[in-house]
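Engineer: Pasting the sequence and the predicted coordinates here, then a few questions.
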Amino acid sequence: MVIEMILAVLVGCYIISSLILFKFPMLVHKRKDVKFVCRHISHRGGAGENYENTLSAFRHAVELGTDMLELDCQLTRDGQVVVSHDSVLDVRTELKGAISEYDYAELPPIKEHIPVDFMPGTSFSSKSEDRRFPLLEETFQHFPSTPINIDIKTDNNELIEKVSDLVKKYGREHITVWGNIKDVVTRKCYKMNPNVCLLFSARRVCVMLLQLYTGILPFMPVKETHLEIFMPAHMMKIYSSRFDVKWWHIIVAKIANMLLIRRSLFEHLSKRGVQTYLWVMNTEEDFRCAFETGATGVMTDYPTKLKTFLEENPQYCLNHKLSLT
C-alpha cells in the first residue's frame, strides 16, 4: 500500500511538473538566441513565379520583401557548391548524369519549361536569360543580409565543409539555417558548425513527438532552432492527383496530422526560441490554415500570393511577431 502511494505521488509530481514546464519552459531552459523571425519564406526562391533556385528567383522574392530564401545545394566535380534541388541534371536540363560528374563550367542551361512540384499540373515558363545554376557563394554576395535556409541535399562531407566555410567567410552564421531530412546529414552539419541555426531531421521530429506524448519534452534539451515540416493531410491532398491513394493512406495522414500539427507544441517550441515553418503552402486556404495552427512562418512557391495574403491579413504577422518576443 505504501509503495503504491509513493508511486502515485511520484507519477502525480511528474505529470504536474511536466505540464508546468510545458507551459513555462523558460524555468529550466535558456531561450535560443535566433537573430531573425520569418513569416514569409520563398521556397527555392519562389518556384511558381521564376526559375527555381536561380538568382532571378531570389532577387524577385527579396524585392517583394520575403523574410527568408530557401534553397538546395549540390557539389560539382571541381568542388563548387551550386544551388540545385536535384542531384541529377535530367529533370531540369537536356543533359543526363549527376551534377557531381561535371565541372561547374560544364553545367548546361535549365530547360525553358519547369514543373512546379507542389502544384500538380502546373509549370513555369520564362524567357529569362538567368537559366543557369548559381553558385552558393554568389547568392551570399547578392543577398548579404537576407536569411537563407539551406537544404544540404547529399550526404557529402566535402559539401558540408564547403558550405560551412562559405557561411563563415561571409559572416552569415547568425542568419543561416541548414540541415536535411536525413539525420546523418543534419548531425554532420551540427558537428561541422554548431553556430549555424539547425533544422530538425525526420528522425528528430519523431523523437520529439515521442517525448511530447510521454511528457518528457519539457525536460529535454533541444539543439535545433527550426522545425520545418509539412502538414500530412495537406501533402495527401497534393499527391492524391498523382498516385493511387488508398483509404488507409488518408486515415494515416489524418492521424499524423493530429499528432504533429499542434498549436500547443508550436507555442512551447516558440517559447524556447524554436521557429516552426510549414511547407509547401501555395493557396490562400493553405496560408490561413498554416498560420491558424500557430506556425511561425509559411514556405511557398508563390511569394507574391503570400505577400498579398499577409497584407490583407496583418493579424497573422502581428500575432506571430509578438509570440516570438
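Structural biologist: Arrived safely. Numbers count the residues shown, from 1 in each chain.
Engineer: Tell me where the stretch 101-250 of the chain has helices.
Structural biologist: With helices called from DSSP state H, counting those that start in this stretch, the stretch 101-250 of the chain shows them at 136-142, 157-169, 183-192, 202-214, 232-239, 247-260.
Engineer: elements contacting the third one?
Structural biologist: Spelled out, that is helix 183-192. Helix 183-192 sits against helix 157-169, strand 176-179, strand 197-198, helix 202-214, with contacts defined as 3 or more C-beta pairs under 8 Å, 6 or more residues apart in numbering; DSSP states H and E. Every residue, glycine included, has its C-beta placed from N, CA and C.
Engineer: next one: the fifth one
Structural biologist: Using 3+ C-beta pairs under 8 Å, 6+ apart as the contact criterion, the elements in contact with helix 232-239 are helix 247-260.
Engineer: longest single helix anywhere in the chain?
Structural biologist: helix 2-23 (DSSP state H).
Engineer: Where does pLDDT dip in the protein?
Structural biologist: 126-129, 318-325 (pLDDT under 70).
Engineer: centroid residue for it?
Structural biologist: With distances taken as C-alpha atoms, centre = their mean, the chain has Glu228 as the residue nearest its mean C-alpha position (3.8 Å).
Engineer: Ignoring the adjacent residues along the chain, who's closest to Leu227?
Structural biologist: Closest residue to Leu227 apart from its sequence neighbours, by C-beta to C-beta, 6 or more residues apart in numbering: Thr276 at 4.6 Å.
Engineer: That neighbour - that's part of a strand, no?
Structural biologist: Yes. Assignment of Thr276 by DSSP: H, G, I helix; E, B strand; the rest coil places it within a strand.
Engineer: Leu159 - nearest residue in space that isn't next to it in sequence?
Structural biologist: Going by C-beta to C-beta, 6+ apart, Leu159 has Leu75 as its nearest residue, at 4.2 Å.
Engineer: sorry, back to before: mind checking how far the residue nearest to Leu227 is from Ile3?
Structural biologist: Separation of Thr276 from Ile3 (C-beta to C-beta, to the nearest Å) stands at 42 Å.
Engineer: Give me the more crowded residue out of these two.
Structural biologist: The neighbour comparison of Thr276 against Ile3 (other C-beta atoms under 10 Å) goes to Thr276, with 22 against 7.
Engineer: OK, contacts around that one?
Structural biologist: Residues near Thr276 by C-beta atoms under 8 Å, 6 or more residues apart in numbering: 226-229, 266, 269-270, 294-297.
Engineer: Can you flag the buried ones in the residues you listed?
Structural biologist: Buried by 16 or more other C-beta atoms under 10 Å: 226-229, 266, 269-270, 294-297, out of those.
Engineer: out of these, who's nearest Leu260?
Structural biologist: Proximity of those to Leu260 (C-beta to C-beta) peaks at Ile229, which lies at 6.5 Å.
Engineer: My guess is that closest one contacts Leu278. True?
Structural biologist: Yes. With contact defined as C-beta atoms under 8 Å, Ile229 counts as touching Leu278 (6.5 Å).
Engineer: on that earlier part again, okay if I get the contacts of Thr276 as CSV plus distance to Asp286?
Structural biologist: Output for those, formatted as CSV (distance: C-beta to C-beta, whole Å):
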residue, distance to Asp286
His226, 20
Leu227, 18
Glu228, 15
Ile229, 14
Phe266, 16
Leu269, 21
Ser270, 21
Gly294, 15
Ala295, 11
Thr296, 15
Gly297, 13
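Engineer: hang on, the earlier thing: okay, the residue nearest to Leu159 and Asp103: tell me how far apart.
Structural biologist: The value you get for Leu75 to Asp103, if C-beta to C-beta is used, is 11 Å.
Engineer: Name the residue in these two with the higher neighbour count.
Structural biologist: Neighbours per residue, other C-beta under 10 Å: of Leu75 and Asp103, the larger number sits with Leu75, 24 against 11.
Engineer: Now do the contacts for the more buried one.
Structural biologist: 81-82, 99-100, 154, 156, 158-159, 162.
Engineer: can we see that at 6 Å?
Structural biologist: The neighbours of Leu75, taking C-beta atoms under 6 Å, 6 or more residues apart in numbering as the test, are 100, 156, 159.
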